[in-house]
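Enquirer: Just the structure for this:
(chains A and B)
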Number of protein chains: 2
Amino acid sequence: MHQVVSSRTAAGGRSVLRSAKARLTSCRGPRRGGGVRGVMTSVEAYTALAEELKEIDALSGIDAILGWDELVVMKEKSAESRAAQKAALASVIHQRQTSERLGELISSAEREGGLDPMQEASVRDARLKFDRKTRMPKELAKQEAILGSEGYQAWAKARENDDYDSFKPVLSKIVQLRIDEAKAVAPEKLPYDYQIDKFERGMKASRLAEIFETVKAGLVPLIEEITSAPQLSVDARLAGGDAAPIFEVDKQEALCAQVMERLGFEGILNRSLHPFTGGTASDVRITTRYDDKDFISGVAGLVHETGHALYEQNRPAGENLGMPVSEALSMGIHESMSLLFERMVGQSMEFWTFLRPMVAESFEFTENLEAEDFYKAINKVQKSLIRVDADELTYPLHIIIRFELEQGLFDGSVTVDNLPDKWRELYKQYLGIDVPSDKEGVLQDVHWSSLAFGYFPSYTLGAMYACQFFQHAEKSIPNLGAEIAEGNFESLRAWLRENIHSKGSLYPSADELCEHVTGKPLDPTIYLDFLRAKYRKLYKMS
Amino acid sequence: MHQVVSSRTAAGGRSVLRSAKARLTSCRGPRRGGGVRGVMTSVEAYTALAEELKEIDALSGIDAILGWDELVVMKEKSAESRAAQKAALASVIHQRQTSERLGELISSAEREGGLDPMQEASVRDARLKFDRKTRMPKELAKQEAILGSEGYQAWAKARENDDYDSFKPVLSKIVQLRIDEAKAVAPEKLPYDYQIDKFERGMKASRLAEIFETVKAGLVPLIEEITSAPQLSVDARLAGGDAAPIFEVDKQEALCAQVMERLGFEGILNRSLHPFTGGTASDVRITTRYDDKDFISGVAGLVHETGHALYEQNRPAGENLGMPVSEALSMGIHESMSLLFERMVGQSMEFWTFLRPMVAESFEFTENLEAEDFYKAINKVQKSLIRVDADELTYPLHIIIRFELEQGLFDGSVTVDNLPDKWRELYKQYLGIDVPSDKEGVLQDVHWSSLAFGYFPSYTLGAMYACQFFQHAEKSIPNLGAEIAEGNFESLRAWLRENIHSKGSLYPSADELCEHVTGKPLDPTIYLDFLRAKYRKLYKMS
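Expert: Below you'll find the predicted structure:
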C-alpha cells in the first residue's frame, strides 16, 4: 500500500521498484502448521527451531528500528499511526512467540542430544521464554496492556502536578498485577524474585538483600567521610551552569564522533532527547545529547552508550545470530558493559590524559586545563535527591532505597499508601537528606508506572560487575592504564569480546558468567574497596 | 529480544521501558479465523473488513519506514539483516493479504448496500487486490522473487560492463514471467494492458498508443524547431559544472527547508543519494540531494518531492485512513502531483520571482541575477541520451520510445535480441541522436531488471495531467500567478486538496478523476499547446 514514491530521477524509479521488489521477495505460502514430530532428529529439530526463532528475531529487530526511529526521527504528530504499527507488529510477534508450532519445535529440540553448549543455551532460553509467555493468562495480559498505558499517563500527570495521591490507585493495580502475574507464570518463585529474574536472570531478592547490606554498610560511612571533607574545587570552565563558557554543540558532536571511533564502535551516532542505544546486533545505533554549558555530560553519555553498543555488536554471531544465546545475559551485565566504559574508563585519569588534547583542539579555551581538572570535575561527589543526577559514590544508595521499597511492596511491609513516607524515611536515613516533594521523591522515576519492578537493582549490579570485570582485565592486560592514556582501547575491547561479549547468554546467570571471568561470583567488597581507595585519594587532592 | 538499551539517565530507563511496553500493548490472542458469514450486515462486515485492512496497512507502513531508513540512515553493512527483516515482514503481510478470512470479509462487505461512495471504492479495490494476489500461482510468485533479485544484479553488472548480452537471458525470463503472470491473473486482459494497469489503473496500451502518437506528432517537429533556434545563454553561475561557483551544501539545505515550509509541507526532510518521498500518510518524509556546483537541482528535487509529499499527506483520512480508497489513484496521478509543483510551479517565472531574493540571501554572489536568469537556466532544452537528464520538452520522447519497445516485447514484434538495435533506431528517428553504447542506451534504466513493465508511461502521463490540472487551477484561482510570485501557495494547495488529494482512489481511473476535475479526460493537445507556447516564447528571448 505504501511505497517509496517515485522521484524525478532514475534512482527514484529505483526507489519505487526497490520497495516493490522487497514486497515480492518473500511471497511464500502460509507457514506450515504443526508437523514437526516424528522422525526428526534433535539436530534437524534444532535447525527448524532456529529458522523460526530467527524469523521472530527479525520481526523483533523491526520493532527495535521503529523504536529508534520514534526517538530520533519521527515527529510527535505521527505518534498515533506509529502506535498502530507497533501494535500490529507486536500482535504478530506475540502470535509467533506463543504458537503451538514453536512449542513443538522446542520440545523436539529438547528431546535428543547432539547440540553444542551455545545451541543448548538457546534451546534452554527458548523454553523459558515460551513457557513464560504461554503461561501468562489472557486476562492479565490484557490488563497489563491497559495498565502499561494508563500507568505511564497517570504518573506523568502526577509528577507534573506533584500529586502522588492521583497516582495511587493505578500503582496499587500495577503492584497487584505483578504479584498475580508471578503467581500464574512462575508459582515456584516468590513474586518479587520473579520480577527480578525478568531483568536479572538467576538473581533473587534474598541474595540482593545480602549484597546491598554489605554495600550499604560500607557506603553510608564512606559518603559521610567524603562529603565532610573539604569540597573539590572544580574549574569554572568544567563546572557547568551559568559561569561556564559555551561549548558549541556541533563541535561537541564532532568530538564525540571521534571518541566513538577511537573506542572502536563503528555504528550510527545521532542526537536524541536522552542518550540510548538502539537498533539490532547488525545495526547498532547510539545517541547522546549535548549541553552547551557542560560538554562533559555529552561525552559521558557517548562513552556509556558506546559500552552498550559494543556489547550489542559483539555478542554471538554467525549461526547463533538472532538465537536466544545471542541475547544480553541480563540488564545488569548490559549495564556493566556501559559502566565499565563510562566509569572505569571514562572517569579515570588515564582517559582524560588521552582526551585532554582533543578537547583543547575543539575548545581552545580549555587549553591550559590538566587531566586532573577533568578528573575532578567528573568525579565530584554530592548528595542529591535525584537518582539520575547522582554521582558514582552516592548512586548505589538511591538504588538500595528503591530495592527495599519494592521488596516491601511485594511482601506487604510497605503499602502504596505509606510509600512516600517510607521513601522520605530512607533518604534521611541513608543519605541524610530531606525530600521536599514527591515530585523530587517517589514520583521521580518512570519505572513503576511502566510496570517494571526489579529493574532498579540492575544499575548497581552493573556498576559492581563493571568494577570486578575491569580489575580482572587490568590483571590480564599489564599496560592497560598506559594504553588508555594513549587512546588505545584495542586490548580492552578484545578482552571484553572474548570473555564477556561473545558469551552472550551462554551462562544461566550473571554470577556464573562472573565466576567464569573473574574466578568468583559478584563480590561487593571489590566495589567498596575500589570506591574507598579512589575517593579517599581524590578528596585528599584538594 | 531487541530492546532499546538502558541509558545512564532516567529517560534511559524510560527507553527500555517504553519498548517493553510497546511489546505488551497488544498481547491479544490469536486472530479469529473465518466466521464472518451469517447474520452480519454489510455495514458490520465493512467494519470488520476495515479493521483487518487497516492492520495490514499498518504493517505495510512499517515496511515503508524500513525502506526510508535503508536509504537515509542504515549503513551498508546492515543490509543482510535488513533483508531478513523485510522478508519476514513481507511474508507476514502476504499471508494477511491472501488469507481466507480476508476473502470472506470482502465477500460479506460486497453482499449488501448501505456503504458510502468512499467505502464502496475501498471494497472495490480490496477485491481487486485480493483477487490479483490470490490468483498469482505459487510457482510464478517464487520465480518472481528469484528474478527480482537476479534481474537487478545482472542488470547492474551488465550496465557497469556495457555488456547487454549478459543481461539477455534473464531479461527473456522476466518478459516471459510478466506474460505468464498476466495470463494467470487477468486472462481477460492483454498481457501488456495488465502490466500497465498495475501502475496506471484503467489505462490500456491502445489508448496510450493514441495519446503518444499525438504527442510524438507534435513534439518531434517542435523539438527540431527549438533546438535549431539560437541557444539560450545561461549565466555561468547557474550553468553547473566547473565554471560554476560553490553553493555551500548546508546553506542549500537550509534554503530547501525554507522552501518546503513555504510550499506547505511540514514533514521530515533529509539527504539521500537520490531524492525520494517515503514514510506513510501520517509520517511523510522527503529527501533531496545537493550538488555544490548546481543548487538548482537540489531545489528542483525538493519541489518535486514536496508535490508527492502533499499528495501523500492529504489523501482521505479519518475513517478512511489506511483503507484502499486512501491510496494513490495511480503512479501517473502521483507523478502529476510532483510535476505540477516541479514544472508548472517550479519552472515558472513567477516561482523564481518569489525565490530569487531568498537565493540571494543564502548566496550573495547571485544578488544581481534576475528571475529570468533562473527561468532560462531551469528550462534550457537539449537533446540527450539519458532519460533522467532530459528536460521537460524532450522527456516525453524518451518515454514513448520505451513504451513502444515494451509494447513490442509483449506482442512479439520486438525481441530481447534486437531490443538494443530497435532502441538505437527509435532514438535516431525521434530525437535524431546516435546511441554510442548500450550503457547509455537500453541498459540505462533499472525498471525492466526490476520486473516493471508499463511503468515508464506514468512519467509522461503525470506531466500531461499536471498541465491539464494546473491550467484548470489557473481558471479557478484568478490570481494564482501573482500568488506564486509572492510565495503564497495556499489557494493552490487548497484547490489540489479539494479536487485531487482528498479524492484518493475514489474514481476507478485517472481519466475519470481528470474528467471530474477538468471536465474532460486526459487531452494531450493541452500539454502540446502549453509546451509550444512556453518554449517558443522562451527561445525568442535569447
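Enquirer: what ranges do the helices span in the stretch 301-450 of chain A?
Expert: Secondary structure of the stretch 301-450 of chain A (DSSP state H, counting those that start in this stretch): helices at A:331-339, A:349-362, A:371-379, A:395-411, A:419-426.
Enquirer: So for chain B, which of those helices sits nearest?
Expert: Closest approach to chain B among the helices of the stretch 301-450 of chain A (C-beta to the nearest C-beta): helix A:331-339, 5.9 Å. In this view, the C-beta of every residue, glycine as well, is placed from N, C-alpha and C.
Enquirer: and the closest one, how far from the chain's centre?
Expert: Its chain's C-alpha centre lies 6 Å from the corresponding centre of helix A:331-339 when counted by C-alpha atoms, centre = their mean, to the nearest Å.
Enquirer: Low-confidence stretches in the stretch 201-350 of chain A?
Expert: Across the stretch 201-350 of chain A, nothing is flagged by pLDDT under 70.
Enquirer: I meant to write chain A there.
Expert: In chain A (pLDDT under 70), the answer is A:1-43, A:541-542.
Enquirer: is the strand ranked longest in chain A up against chain B anywhere?
Expert: Across chain A, the longest stretch assigned as strand under DSSP state E is strand A:283-288. Yes: using C-beta under 8 Å from any C-beta of the partner chain, strand A:283-288 reaches chain B at A:Asp283, A:Arg285.
Enquirer: outside of that strand, which residues touch it?
Expert: Applying C-beta atoms under 8 Å, 6 or more residues apart in numbering or on different chains, the set of residues contacting strand A:283-288 from outside is A:61, A:65, A:68, A:71-72, A:256, A:260, A:265, A:267-272, A:274-279, A:298, A:301-302, A:305-306, A:308-309, A:312-313, B:73-75, B:78, B:81-82.
Enquirer: which secondary structure element contains the closest residue to chain B within the stretch 101-250 of chain A?
Expert: Of all residues in the stretch 101-250 of chain A, the one sitting closest to chain B is A:Ala141 (3.8 Å; C-beta to the nearest C-beta). Assigned by DSSP states H and E, A:Ala141 belongs to helix A:138-161.
Enquirer: Over to A:Gly241?
Expert: Using DSSP H and E, no helix or strand contains A:Gly241.
Enquirer: residues near the closest residue to chain B within the stretch 301-450 of chain A, how many?
Expert: Residue of the stretch 301-450 of chain A nearest chain B, by C-beta to the nearest C-beta: A:Ser450 (3.7 Å). Neighbour count for A:Ser450, taken as other C-beta atoms under 10 Å in any protein chain shown: 23.
Enquirer: got it, and A:Lys422?
Expert: 19.
Enquirer: Skipping its backbone neighbours, what lies nearest it in space?
Expert: A:Val414 (5.3 Å; C-beta to C-beta, 6 or more residues apart in numbering or on different chains).
Enquirer: For the closest residue to A:Ile400 other than its chain neighbours, give its distance to A:Ile401.
Expert: Nearest residue to A:Ile400, sequence neighbours excluded (C-beta to C-beta, 6+ apart): A:Phe212, at 4.7 Å. Distance, A:Phe212 to A:Ile401, by C-beta to C-beta, to the nearest Å: 10 Å.
Enquirer: next one: A:Asp131
Expert: From A:Asp131 to A:Ile401 the distance is 33 Å (C-beta to C-beta).
Enquirer: again with A:Trp352
Expert: 31 Å.
Enquirer: between those two, which one's more packed in?
Expert: When A:Trp352 and A:Ile401 are compared for neighbours, A:Trp352 comes out ahead with 25 against 22, by other C-beta under 10 Å.
Enquirer: Any idea how many residues pack against the residue nearest to A:Lys422?
Expert: 19.
Enquirer: residues touching it, list them.
Expert: A:Leu405, A:Gln407, A:Gly408, A:Lys422.
Enquirer: Just flag the most distant two among those.
Expert: Greatest spatial distance among the contacts of A:Val414 (C-beta to C-beta): A:Gln407 and A:Lys422, at 11.2 Å.
Enquirer: quick one on the thing from earlier: parallel or antiparallel, list what pairs with the longest strand of chain A.
Expert: strand A:268-271 (parallel), strand A:277-280 (antiparallel) (DSSP bridges).
Enquirer: and these as a markdown table, adding mean neighbour count?
Expert: Below are the strands paired with strand A:283-288 laid out as a markdown table (neighbours: other C-beta atoms under 10 Å in any protein chain shown):
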| stretch | mean neighbour count |
| --- | --- |
| strand A:268-271 | 18 |
| strand A:277-280 | 30 |
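Enquirer: ends of stretch A:235-244, how far apart?
Expert: Across stretch A:235-244, the terminal residues are separated by 9 Å (C-alpha to C-alpha, to the nearest Å).
Enquirer: Next one: the nearest residue in space to A:His516 that is not next to it in sequence from chain B, what distance?
Expert: Nearest non-adjacent residue to A:His516, counting by C-beta to C-beta, 6+ apart: A:Tyr507, 6.6 Å away. As defined by C-beta to the nearest C-beta, to the nearest Å, A:Tyr507 lies at a distance of 18 Å from chain B.
Enquirer: give me the element the nearest residue to A:Thr518 once chain neighbours are set aside is part of.
Expert: Sequence neighbours aside, A:His472 is the residue nearest to A:Thr518 in space, at 4.5 Å (criterion: C-beta to C-beta, 6+ apart). Secondary structure from DSSP H and E places A:His472 in helix A:457-476.
Enquirer: That helix: how far from the chain's middle?
Expert: For helix A:457-476, the distance to the chain centre is 15 Å (C-alpha atoms, centre = their mean).
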